[in-house]
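**Q** Quick one: sequence and predicted model below, then my questions.
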Amino acid sequence: MKPIRTALAVSLCMFLLALPAVGQFYPPMTIDPPLLKFLPEDAAFTATVEVSSRAPAYHWPVRVALLKGQTRVEMDISKMEQERKEPAWTDYVGQMKQAGSAQSVSVFSADRKSIFTVLPALKAYMEQTIPEEALSQLRKRPKAQKVEMGTEDVAGRSATKTKLIFSKGDMDVWRTWETPEAIIWAAKDAPGIPLRIEVLNSVGETNTTLVFKDVDFKKPGSELFAPPKGFTKCNQESLMKRIMEKWPKDK
């Protein structure tokens, strides 16, 4: 069976992978199975998540909502802080702001069998169908061994520190061969809600760190994971055309 990423290569930008700018649209973050396996299956909350990557090094606050395996990420490329900026980065971000592509929303919904990419400034969105082959893999949630590592404070809150280690037998599911382990700090006063996650790669290095802040324990509304009302549905070509119509012209 092909891995999930093979089946979804066109439609998913993996949350744990910093992709370079492509043309006039920076690929949005998507929380999908490689990260979902470290979260409770029935997780339902909203939070600001500060994402830090080791290579390439960046820090990026995004707004995240989860509802039982459905995810929503609201991002603004102008808020990304890179350790080493390309000389033209500031100009590029300014151009995206003018064109309406600096802010984006990604929605991953196995329930709807779709991934949505939304550009709020343009009131437009693109829907891409999750192939049935990938959906069948999503139903095979891998199981992890839990290793308790004590209690620590995270941002003034007491947290249970646990390492999740996934079985080698599940390495072909949910991209587990790339992210087989994670260390999770879960709030003691709200079991199952993470305060911090360090995702480890296959050699035990921390690839990505996620710090959860301003957590709202109220269950997000289902409308957050559906196509936005009043927005125009586009395919990839027509969405890019909308961006280019507002892209700054060369002087």
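**A** Received, thanks. Residues are numbered from 1 along each chain as shown.

**Q** gap between residue 45 and residue 215?
**A** Per Cβ to Cβ, to the nearest Å, residue 45 is found 6 Å from residue 215. In short, each C-beta sits where N, CA and C put it, glycine included.

**Q** neighbour count winner among those two?
**A** Shown here are residue 45 and residue 215; by other Cβ atoms under 10 Å, residue 45 has more neighbours (21 against 18).

**Q** for the more buried one, what are its contacts?
**A** 65-66, 193, 215-220 (Cβ atoms under 8 Å, 6 or more residues apart in numbering).

**Q** hmm, back to that, which neighbours do residue 45 and residue 215 share?
**A** With Cβ under 8 Å, 6+ apart as the test, residue 45 and residue 215 both reach residue 193.

**Q** Test my guess that residue 78 contacts residue 93.
**A** Yes. Here residue 78 reaches residue 93: they are 5.1 Å apart, a contact under Cβ atoms under 8 Å.

**Q** rewinding a little: which of the contacts of residue 45 count as buried?
**A** Using 16 or more other Cβ atoms under 10 Å as the burial test, the contacts of residue 45 include 65-66, 193, 215, 220 as buried.

**Q** still on that earlier bit, of all the contacts of residue 45, the one with the weakest confidence?
**A** For the contacts of residue 45, the least confident position by pLDDT is residue 193, scoring 80.

**Q** That one contacts residue 216, correct?
**A** No. Contact between residue 193 and residue 216 fails when scored by Cβ under 8 Å: they sit 10.3 Å apart.

**Q** Which parts of the stretch 51-200 of the chain are helices?
**A** 89-99, 132-138 (DSSP state H, counting those that start in this stretch).

**Q** Buried residues of the longest one, list them for me.
**A** Judged by neighbour count using 16+ other Cβ under 10 Å, the buried positions of helix 89-99 are 92-93, 95-97, 99.

**Q** elements contacting it?
**A** With contacts taken as 3 or more Cβ pairs under 8 Å, 6 or more residues apart in numbering; DSSP states H and E, helix 89-99 sits against helix 236-246.

**Q** before we move on, the earlier item: how about the contacts of residue 45 in TSV, adding distance to residue 151?
**A** Putting those into TSV (distance: Cβ to Cβ, whole Å) gives the following:
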residue	distance to residue 151
65	28
66	24
193	15
215	19
216	24
217	21
218	26
219	27
220	29
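
**Q** Mind pulling the model confidence for the closest residue to residue 209 other than its chain neighbours?
**A** Of all residues beyond its chain neighbours, the one nearest residue 209 is residue 52 (4.5 Å), with distances taken as Cβ to Cβ, 6 or more residues apart in numbering. Per-residue pLDDT puts residue 52 at 88.

**Q** Tell me if I'm right that residue 52 and residue 59 touch.
**A** Yes. Using Cβ under 8 Å, residue 52 makes contact with residue 59 at a distance of 5.0 Å.
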